[in-house]
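# Provide a 3D model corresponding to the input given below.
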Amino acid sequence: MIKVLFVCTGNICRSPTAEGVFRALVATEGLDGRIATDSAGTHGYHVGEPPDRRSAAAARKRGVELSDLRARKVRPGDFDEFDLVLAMDRGHADILRRQCPPGRADRVRLFLDFAPELGAKDVPDPYYGDGDGFERVLDMVEAGARGLLAHIRQTLL
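Residues are numbered from 1 along each chain as shown. A predicted model of the protein is given here:
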């Protein structure tokens with residue numbers, strides 16, 4: 001079983017969106033018995049809360065359900081449990097690398113490294129914005145999810 005953890009700040013916008021999109025893609029491809037997902041935040045601001053209602057609504061419009069997800073904070077054991085710990089931006093990656101135990105740093109990656117065609121490193125935080133920020137995040141996450149699944153198929157499965 002390949003295990004993937006998606007990480008943002010509070011685990012209510014970007015990382016649950018990435019988890020939901022990737023989880024749906026994995027299920028569509030018939031790999032849900034071989035790839036497991038979770039998401040977490042670098043900070044515990046929203047522990048136990050569901051995803052932001054705007055994230056959930058935007059995802060639902062694209063057929064992705066996030067309602068079963070609940071925010072949690074990254075735990076020390078995550079670096080042992082997960083094969084990939086994917087940061088939604090470079091700030092998260094820096095925090096994760098500082099928390100990471102020796103010998104596990106190779107598991108911490110930027111999520112958008114799996115979507116080089118976007119020419120971006122960071123998934124922007126839509127929380128304080130308005131307009132189409134949540135749709136933009138979904139576009140980026142969908143590209144990253146496709147690239148991530150291709151990577152897993154080529155290197156880990």
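# Asp68: how many residues sit nearby?
Residue neighbour count, defined by other CB atoms under 10 Å, stands at 10 for Asp68. Yep, even glycine has a C-beta here, placed from its N, CA and C like the rest.
# low pLDDT regions in the chain?
Across the chain, the ranges flagged by pLDDT under 70 are 131.
# ranges for the helices of it?
Using DSSP state H, the helices of the chain run over residues 14-28, 53-61, 78-81, 90-99, 133-155.
# tell me which strands and helices the first one is in contact with?
Secondary structure elements in contact with helix 14-28, counted by 3 or more CB pairs under 8 Å, 6 or more residues apart in numbering; DSSP states H and E, are strand 2-8, strand 35-41, helix 53-61, helix 133-155.
# mind putting these into JSON lines with mean neighbour count and distance to Arg107?
Putting the helices and strands packed on helix 14-28 into JSON lines (neighbours: other CB atoms under 10 Å; distance: least, CB to CB, whole Å) gives the following:
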{"stretch": "strand 2-8", "mean neighbour count": "25", "distance to Arg107": "9"}
{"stretch": "strand 35-41", "mean neighbour count": "22", "distance to Arg107": "13"}
{"stretch": "helix 53-61", "mean neighbour count": "17", "distance to Arg107": "25"}
{"stretch": "helix 133-155", "mean neighbour count": "19", "distance to Arg107": "13"}
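# would you format those as JSON lines with distance to Asp80 included?
Listed next are these as JSON lines, based on distance: least, CB to CB, whole Å:
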{"stretch": "strand 2-8", "distance to Asp80": "10"}
{"stretch": "strand 35-41", "distance to Asp80": "13"}
{"stretch": "helix 53-61", "distance to Asp80": "29"}
{"stretch": "helix 133-155", "distance to Asp80": "19"}
